[in-house]
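Trainee: Quick one, structure for this:
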Amino acid sequence: MFTHPDFDAHEMVTWIQDPHTGLRAVIAVHSTALGPGMGGCRLWTYPDAAAGLTDVLRLSRGMSLKNAMADLALGGGKAVIFGPVPEDAAARREAFRAFGRAVASLGGKYVTAEDVGVSVADMEAVAEETRHVSGLPPAGGAVGGDPSPYTARGVLRGIEAAVARRLGRADLDGLRVAVQGTGNVGGSLCRMLAERGADLVIAEANTARRDALAADLGAEVVEGDAILSAEADVFAPCALGGVLTAQNVAGLKAKIIAGAANNQLADEAAGHALAARGITYVPDYVLNAGGIIAVGAEYLGDKTRDQVMTAVDAIGPRVAELLARAEAEGQRTDLLADRMAMERIAAARG
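Mentor: Next up is the predicted model:
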């Protein structure tokens, strides 16, 4: 593992197997310099354990960068559960309770929450075994619950900032946005964009969900990877990572890439290809920090709901500042954001 290409001085990688429930998972803590390593738990059916390890290493490092750029007192961590888990509700609950015991065993170095394939109900099961969990149903007016709407709101603010900077537009009316993935975050983002007058092109593997959303919002539907070459001003990847490669960047029509998916660039070559074509790329972890701002506030108890909304809305000015600085320095946005985040982490370690 120490020679794995995505291993980046991670502080901890823990493999979990529970013989009673069949749970198999891995938790990675990249850094606790700024605070406990916080990041969601992803449930996914990987082709093998190596693919899951690659995912958790990349995602946990991304959480360190995301939390640093969002000025949160949190480090970076992530967990993946190897699917499938039992479909029976009671058996699923027991599997997540086993995951909760694994989180508890780390003594607060890792704090979990929802991610792809995981629900609020799953986190409630985790909370039966550990207090190091967030994304739980809110009590009274407290912050809590599904972080997806906060993530979508932050992405919207970032798109607004990027459109203003790159296209010189003060509104989204008539803007054409291609959205890949219409799950909890992507679906919420589509609704927010439509409310502001944007025209939507969507792609989604779940055809029933896709068609219902398209009918509701009047969106154009395309199949699979055709979304990458759709005629659009903005391309918003909101599914899984690694969607942008040096090869498919050549076919992009959009002038701006700004979406919620983690690790959108498949490799260094993809970032270089975007820069070579003059496409404005908003680094994913700067843009999609709304969810972690919300669950972080829930766990730390340091913000009211109104303060969380203000912090999420600050993603817009943060994106504007990053784009302006990258242009002034002649630097790629992703490399500049990486450098800024790692400088903050290094300063905290010092």
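Trainee: so Ile159 sits right up against Arg169, yeah?
Mentor: No. Assessed by CB atoms under 8 Å, Ile159 is found out of contact with Arg169, at 10.8 Å. (Glycine included, C-beta is placed from N, CA and C.)
Trainee: neighbour-wise, which of these two wins?
Mentor: The residue with more neighbours, out of Ile159 and Arg169, is Ile159; 28 against 14, by other CB atoms under 10 Å.
Trainee: Show the pLDDT at the more buried one.
Mentor: According to the prediction, Ile159 has pLDDT 98.
Trainee: what's the helix or strand containing Ile202 in contact with?
Mentor: Using DSSP states H and E, the element containing Ile202 is strand 199-203. The contact list for strand 199-203, computed with CB atoms under 8 Å, 6 or more residues apart in numbering, reads 174-182, 186, 190, 193-194, 210, 213-214, 217-227, 230-232.
Trainee: from the residues you listed, which would you call buried?
Mentor: Buried members of these, counted by 16 or more other CB atoms under 10 Å: 175-182, 186, 190, 193-194, 210, 213-214, 217, 219, 221-222, 227, 230, 232.
Trainee: from these, which ones fall inside helices?
Mentor: Among these, the ones falling in helices (DSSP state H) are Gly186, Cys190, Leu193, Ala194, Arg210, Leu213, Ala214, Leu217.
Trainee: The third one touches Val177, doesn't it?
Mentor: Yes. Using CB under 8 Å, Leu193 makes contact with Val177 at a distance of 5.5 Å.
Trainee: Overlap in contacts, the two.
Mentor: Common neighbours of Leu193 and Val177 (CB under 8 Å, 6+ apart) are Ile159, Leu200.
Trainee: quick one, helices of the stretch 201-350 of the chain?
Mentor: With DSSP state H, counting those that start in this stretch as the criterion, the stretch 201-350 of the chain has helices at 207-217, 246-249, 268-277, 284-287, 290-300, 305-313, 315-329, 333-349.
Trainee: So which residues make contact with the second one?
Mentor: Outside of helix 246-249, the residues that reach it under the criterion CB under 8 Å, 6+ apart are Asp225, Leu228, Ser229, Ala266, Asp267, Ala269, Ala270, His272, Ala273, Leu274, Arg277, Ile279.
Trainee: how about a markdown table for those, with distance to Lys109 and pLDDT added?
Mentor: Converted to a markdown table, the contacts of helix 246-249 look like this (distance: CB to CB, whole Å; pLDDT from 0 to 100):
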| residue | distance to Lys109 | pLDDT |
| --- | --- | --- |
| Asp225 | 39 | 92 |
| Leu228 | 38 | 95 |
| Ser229 | 43 | 94 |
| Ala266 | 30 | 93 |
| Asp267 | 30 | 91 |
| Ala269 | 34 | 95 |
| Ala270 | 32 | 96 |
| His272 | 35 | 96 |
| Ala273 | 37 | 97 |
| Leu274 | 35 | 97 |
| Arg277 | 41 | 97 |
| Ile279 | 38 | 98 |
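Trainee: how about those residues, which pair is most distant?
Mentor: Using CB to CB, these span at most 20.8 Å, a distance reached by Asp225 and His272.
Trainee: buried ones in stretch 292-304?
Mentor: Under the neighbour-count criterion of 16+ other CB under 10 Å, stretch 292-304 has Ile292, Ile293, Ala294, Val295, Gly296, Ala297, Glu298, Tyr299, Leu300, Lys303 buried.
Trainee: Also stretch 91-108?
Mentor: 92-104, 106.
Trainee: Of these, which is the nearest to Gly75?
Mentor: Checking the buried residues of stretch 91-108 against Gly75 by CB to CB gives Leu106 as the nearest, at 12.4 Å.
Trainee: contacting residues for that closest one?
Mentor: Met12, Thr14, Ile27, Val29, His132.
Trainee: Now do the SS call for it.
Mentor: Using DSSP: H, G, I helix; E, B strand; the rest coil, the structure places Leu106 in coil.
Trainee: give me phi/psi at it?
Mentor: phi -90, psi 0 (degrees, to the nearest 10).
Trainee: And Gly183, by the same measure?
Mentor: According to degrees, to the nearest 10, Gly183 has phi -80, psi -150.
Trainee: Kindly state the pLDDT recorded for the residue nearest to the spatial centre of the chain?
Mentor: For the chain, the residue sitting closest to the mean C-alpha position, by CA atoms, centre = their mean, is Asn262 at 4.5 Å. Asn262 carries a pLDDT value of 91.
Trainee: Same question for Pro138.
Mentor: On pLDDT, Pro138 comes in at 82.
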